[in-house]
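[1] only geometry, no sequence info:
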């Protein structure tokens, strides 16, 4: 940072410091062991409850665990908008799976053309999303012509287009991907 | 750090046949392994995985074609070749067995490499702090949602975490002895080379190594009252061996270094990442910051928001405990200094040098190790 290096995407570039910081925190744990041993039952209950709450939070966030934020930042709900959380656009794949599943049983949203076209707004990858498609799609890069658009936290690509919101990928009442369908022409 | 053994420590003596901490770590990592592999297919393909999935097979082709196929320099996204491709090649190789769809295999591989990094925290914790520090470190990493989630789909940074963690372990093992063994030096060379061959930032491991070797020399000086030429030659030879083996390893694993002067090639990649031409704004603690003009506090402030509360509390405890221990050592050193200045200097050096590993230091009278001075009895 002192050299003013360019950074983005949270702290993924320095992800390697987290295990080393954890070792330092482990030394803190060792320092706490003697006092904790004076009340082992209480310590175990408190630690168990805390770990349980973390595991429950991660289970709710799955597979977007990486958007987890601590209470100082307001949790994931409170930190939303104050931090870049889903910078990888990982929620787009979940949104796509839900759309593909819905298309299998909901004929009302099926476009006339088969296969339908889709724009998945994963930054710089809109034209190369084929590896994540599980059914026949025409990959589209123009929001004005796609039958379906999946917008993400980093790429709100459906703004100002005539589309209808049909689904959202949410965690703790905050949206990480939006699924839009082209509005039927009258 | 803890001065008296806890109940847990008393329950599992280091010499006992079954090591409770190893059992606990094995159980924890095994459970996480099962959960991780069972859910690997749930994770989305992320921005950098599209291009690294293209980079892997093409980099592998460089080797399988006898260094003829240059597609990974010419038909992949710039500047992928500035990253060493060992993990992408390994993933491409496993993907070739069609065990599952490519994306799932990639996520499983990234997760496995990340888990291997966590496994290294057990010995690192023991060397740095003692029993249970490693288990606590592993648990804290797994409780960090930002870290756990990244283990599946961060294709360059997770292999780098693994390489850096194993390189750090190798350096710790190597510098446990005042004069490192050749075997440990070779291991450190291979693993620091792997770190360099993952990302240019891996070069920082050689700064860690240099610092640790300086502490070895300080310990030698404190215990022998001088640095002998023989010792200096021996330790410099080991440092040179590590650097040499690391350079060869990086050269072998990173094709970009093979197509020109490797040092010049490395510098090109290093300069590129240090001055990466990307500028956009994003939210940070409610304000907007620019990628190219981040506040000095950016990384600590991000950690403050992304690490779990218990992680932060334990870091604070470790910091306070460390400051208190340093103050006690300084006080003891000052007392020893008044009694015998030479012994005080050597005691201070010895204490500082031995802080690089967890061997219990006799804080009450460090000078006694050197001079067996009767004055220490009065300290």
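    Cool, the structure landed. Only a predicted model underlies this, so the values are computations on that prediction, with no experimental measurement involved. Residues are numbered from 1 along each chain as shown, chains lettered A, B, ... in the order given.
[2] all strands of chain B, in order?
    Using DSSP state E, the strands of chain B run over residues B:281-284, B:287-290.
[3] what comes up buried for the last one?
    Neighbour-count burial for strand B:287-290, with 16 or more other Cβ atoms under 10 Å in any protein chain shown as criterion, is recorded at residue B:289. Placement of C-beta: from N, CA and C, glycine included.
[4] And that strand, how far out from the chain middle?
    Put simply, strand B:287-290 sits 30 Å off its chain's centre (Cα atoms, centre = their mean, to the nearest Å).
[5] And for it, what's in contact with it?
    Identification of contacts with strand B:287-290 by Cβ atoms under 8 Å, 6 or more residues apart in numbering or on different chains yields B:279, B:280, B:281, B:282, B:283, B:295, B:298.
[6] Dump those to TSV, plus distance to residue B:25, neighbour count and pLDDT.
    Converted to TSV, the contacts of strand B:287-290 look like this (distance: Cβ to Cβ, whole Å; neighbours: other Cβ atoms under 10 Å in any protein chain shown; pLDDT from 0 to 100):
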residue	distance to residue B:25	neighbour count	pLDDT
B:279	43	11	87
B:280	41	9	91
B:281	42	13	94
B:282	37	16	96
B:283	37	15	97
B:295	37	13	94
B:298	33	17	97
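[7] if we can go back for a sec, what would the strands of chain B look like in a markdown table with distance to residue B:307?
    Listed next are the strands of chain B as a markdown table, based on distance: least, Cβ to Cβ, whole Å:
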| stretch | distance to residue B:307 |
| --- | --- |
| strand B:281-284 | 16 |
| strand B:287-290 | 19 |
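[8] I figured residue B:304 hits residue A:72, correct?
    Yes - between residue B:304 and residue A:72 there is a contact at 6.2 Å, judged by Cβ atoms under 8 Å.
[9] which residues are common contacts for those two?
    The contact sets of residue B:304 and residue A:72 overlap at residue B:312 (Cβ under 8 Å, 6+ apart).
[10] just the contacts of strand B:287-290 now: which is nearest chain A?
    residue B:282 (4.6 Å; Cβ to the nearest Cβ).
[11] the domain parsing of chain B - what is it?
    B:20-155, B:172-273, B:309-379 (automatic domain parsing).
[12] Which residue comes closest to residue B:121 once chain neighbours are left out?
    Using Cβ to Cβ, 6 or more residues apart in numbering or on different chains and skipping residues adjacent in sequence, the residue nearest residue B:121 is residue B:137, 4.4 Å away.
[13] what's the answer for residue B:106, then?
    Per Cβ to Cβ, 6+ apart, closest to residue B:106 is residue B:91, 5.5 Å.
[14] what sits against the residue nearest to residue B:121?
    By Cβ under 8 Å, 6+ apart, residue B:137 lies in contact with A:19, A:22, A:23, A:25, A:26, B:121, B:124, B:125.
[15] Kindly recompute the last result at 7 Å.
    A:19, A:22, A:23, A:25, A:26, B:121, B:125 (Cβ atoms under 7 Å, 6 or more residues apart in numbering or on different chains).
[16] The first one contacts residue B:121, doesn't it?
    Looking back up the chat, that one is residue A:19. Yes - in this structure, residue A:19 is within contact of residue B:121 by Cβ atoms under 7 Å, at 5.7 Å.
[17] In terms of packing, which of those two has more residues around it?
    Neighbour totals were compared for residue A:19 and residue B:121, and residue B:121 leads with 28 against 25 (other Cβ atoms under 10 Å in any protein chain shown).
[18] related to what we said a few turns ago, single out the most deeply packed of the domains of chain B.
    Here the criterion is mean neighbour count by mean count of other Cβ atoms under 10 Å in any protein chain shown, and of those the winner is domain B:20-155, at a mean of 20.
[19] So what's the gap between that domain and the chain middle?
    Computed by Cα atoms, centre = their mean, the separation of domain B:20-155 from the middle of its chain amounts to 15 Å.
[20] Quote the end-to-end distance of it.
    34 Å (Cα to Cα, to the nearest Å).
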